[in-house]
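1. My questions concern the predicted model and sequence given below.
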Amino acid sequence: MSSLLGKHIILGICGGIAAYKSVSLLRLLVKAGAEVQVVITPAGKEFITPVTLSALSQKPVVSEFFTANTGVWNSHVDLGLWADCMVIAPATASSIGKMAHGIADNMLITTYLSAKSQVFVAPAMDLDMMAHPSTQANIELLRSYGNIIIEPESGELASGLVGKGRMEEPEKIFACLETYFGRKNDLKGKKVLITAGPTYEKIDPVRFIGNYSSGKMGYAIAEECASRGAEVCLVSGPVALTVSNPSIKVINIESAREMLDACEDVFPRADIAIMCAAVADYAPSDVADRKIKREHDEVPVIHLVKNPDIAASLGASKRQGQIIVGFALETDNEFANASEKLRRKNLDMIVLNSLRDKGACFGTDTNKVSVIKSDGSRLDFPMKSKREVAKDIVDSILS
Ligand code: C5P
């Protein structure tokens, strides 16, 4: 049985020659038992007729804001709420630009902006348009908004030129959607504990020792686990982020001590713990109860004590069947150091990111990771959005 059975899918079609392939995609979706609503741009109708599309989807195709002869209003808001996912194939350079910048001048773009569910974008255009910096920047913007880009293939294009820009084959786009819905519930019934963000270690009432962790990776993993059916408890240091999935329970803490207490409370009932937080290694031994004043001659000395290692502490109390995943941020001897941490903390898997990789780690929306498991196996991933990295990490845990 296909994971698409009964799913509500909006198929957005833009005005490109690859629109003929949308017919095959539509047929595959309908055959798999999905309910498909086609939304087409005015230019799209120049390439493929609404009659073909409505016959195959067994629904009138939506293109205009109003149906001309009846005056019926097509609600993009209702459509956006109805959909379990939206796939825009082909997505032209023009529509990608409008989507990236919110220029809602047709029914497809307004529907895209109203969509509450996952959006897949399959670009199709000539190689030079595809390679243009503005197209590339717009695609990156769409990716950063959480859309999944189904990269075009290299091959012969309608212009006769050969290069990257040919829309991915309908079978492959279909497979992306099947995988997406297939894994949607693969964490159902599992309880996942996640730590994220920095810790703040108080010096006095107005000062602390902290670090640059933004919490983005841990929050992306929390969203990914929740969207796949897990019950998530996110123990978070101070960050400027909020969760969008209401089923994620957030426990806000400041210090490593508080993080340890929260984790020890939750861990016994957890199936998986993902330790993403950048925990301060040391904390001031004494916290001044008043703001430390600036003295003219004397420079204050802050004495530090070791913080508890939360991952190692959970690792020591791990019971059969529990999985603990750690993170390692290394600047040198990356693999040896990460593997040593995996062993010392009794982890099952460690995610390594290197500070040497530009665009990875602190504050960025992208990351480049390698995954090392306790059996010694290793998997290297390319630079991806943190949302996609979160998927790869969860897939690795489940495998
Ligand atoms: O030893 P190191 O700080 O490099 O280890 C990183 C891993 O251990 C991360 O998963 C981090 O969340 C976790 N950790 C922890 N408690 C600490 C230090 C690190 O849970 N005090």
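-> Great, that's in hand. Numbers count the residues shown, from 1 in each chain.

2. The closest residue to Tyr200 other than its chain neighbours: what's it in contact with?
-> Excluding the flanking residues, the one nearest Tyr200 by Cβ to Cβ, 6 or more residues apart in numbering is Phe208, at 4.1 Å. Heads up, the C-betas are built off the backbone N, CA and C, glycines and all. Shown in contact with Phe208 (Cβ atoms under 8 Å, 6 or more residues apart in numbering): 200-202, 254.

3. Get me the contact residues on the stretch 201-350 of the chain for the ligand.
-> 256, 275-277, 279, 307, 309-311, 326-328, 341 (Cβ under 6 Å from any ligand atom).

4. want to try JSON lines for those residues, with neighbour count as columns?
-> Below are these laid out as JSON lines (neighbours: other Cβ atoms under 10 Å):
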{"residue": "Ala256", "neighbour count": "24"}
{"residue": "Met275", "neighbour count": "27"}
{"residue": "Cys276", "neighbour count": "26"}
{"residue": "Ala277", "neighbour count": "27"}
{"residue": "Val279", "neighbour count": "22"}
{"residue": "Asn307", "neighbour count": "18"}
{"residue": "Asp309", "neighbour count": "18"}
{"residue": "Ile310", "neighbour count": "26"}
{"residue": "Ala311", "neighbour count": "25"}
{"residue": "Gly326", "neighbour count": "27"}
{"residue": "Phe327", "neighbour count": "24"}
{"residue": "Ala328", "neighbour count": "22"}
{"residue": "Lys341", "neighbour count": "20"}
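
5. Out of those, which is nearest to His296?
-> Nearest to His296 out of those is Asn307 (Cβ to Cβ; 32.8 Å).

6. give me phi/psi at Ser63?
-> Note on Ser63: its backbone torsions stand at phi -140, psi -40 [degrees, to the nearest 10].

7. one step back: is it true that the residue nearest to Tyr200 lies in a helix?
-> No. Assigned with DSSP: H, G, I helix; E, B strand; the rest coil, Phe208 falls outside any helix and is strand.

8. Check which helix or strand Glu140 maps to.
-> Using DSSP states H and E, Glu140 falls within helix 133-144.

9. Kindly report the same for Leu81.
-> Element membership of Leu81, judged by DSSP H and E, is helix 76-82.

10. Give me the mean pLDDT for stretch 293-302.
-> Stretch 293-302 carries an average pLDDT of 83.

11. Likewise for stretch 25-38?
-> Per-residue scores along stretch 25-38 average to 97.

12. likewise stretch 313-328?
-> The average pLDDT within stretch 313-328 is 97.

13. can you give me how far that stretch is from the chain middle?
-> 24 Å (Cα atoms, centre = their mean, to the nearest Å).

14. Also stretch 175-186?
-> 14 Å.

15. and that stretch, C-alpha only, in PDB?
-> Taking Å, rounded to 0.1, in the frame of the first residue of the first chain, the C-alpha atoms of stretch 175-186 are listed here in PDB:
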ATOM      1  CA  ALA A 175       9.400   8.500  -4.900                       C
ATOM      2  CA  CYS A 176      10.400  11.700  -3.000                       C
ATOM      3  CA  LEU A 177       6.800  12.100  -1.900                       C
ATOM      4  CA  GLU A 178       6.300   8.400  -1.000                       C
ATOM      5  CA  THR A 179       9.500   8.500   1.100                       C
ATOM      6  CA  TYR A 180       8.300  11.700   2.800                       C
ATOM      7  CA  PHE A 181       4.900  10.300   3.800                       C
ATOM      8  CA  GLY A 182       6.400   6.800   4.500                       C
ATOM      9  CA  ARG A 183       8.700   8.100   7.200                       C
ATOM     10  CA  LYS A 184       6.100  10.500   8.500                       C
ATOM     11  CA  ASN A 185       5.100   8.100  11.300                       C
ATOM     12  CA  ASP A 186       8.200   6.000  11.700                       C
END
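
16. What is the burial count for the residue nearest to Ala131 when sequence neighbours are not counted?
-> Nearest non-adjacent residue to Ala131, counting by Cβ to Cβ, 6+ apart: Lys164, 7.3 Å away. As a burial measure, Lys164 scores 16 neighbours (other Cβ atoms under 10 Å).

17. Now that Lys164 has come up, it's in contact with Asp128, right?
-> No. At 10.2 Å, Lys164 and Asp128 do not qualify as touching, with contact defined as Cβ atoms under 8 Å.

18. How about Gly146: what's its closest non-neighbour residue?
-> For Gly146, the closest residue by Cβ to Cβ, 6+ apart turns out to be Arg387, at 5.6 Å.

19. ok, the one you found touching Ile221?
-> No. Arg387 is beyond contact range of Ile221, at 9.5 Å (criterion: Cβ under 8 Å).

20. out of these two, which sits in the busier spot?
-> Between Arg387 and Ile221, counted using other Cβ under 10 Å, Ile221 has the larger neighbour count: 28 against 23.

21. Can you give the contact residues for the helix or strand in which the more buried one is found?
-> Secondary structure from DSSP H and E places Ile221 in helix 216-227. With contact meaning Cβ under 8 Å, 6+ apart, helix 216-227 is reached by 184, 187, 190, 192, 194-197, 232, 234, 236, 239, 241, 243-245, 247-248, 272, 274, 276-277, 327, 363-365, 367, 386-387, 389-391, 393-394.

22. CA atoms only: put whichever helix or strand comes after that helix into CSV for me.
-> Stepping forward along the backbone from helix 216-227, the first helix or strand reached (DSSP H and E) is strand 231-236. These are the backbone C-alpha positions of strand 231-236, laid out as CSV (Å, rounded to 0.1, in the frame of the first residue of the first chain):
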residue,chain,number,x,y,z
GLU,A,231,6.7,12.6,21.6
VAL,A,232,9.5,15.1,22.0
CYS,A,233,10.9,16.8,25.1
LEU,A,234,13.3,19.6,24.2
VAL,A,235,15.5,20.8,27.0
SER,A,236,16.7,24.2,25.7
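
23. Please consider this matter closed, and thank you.
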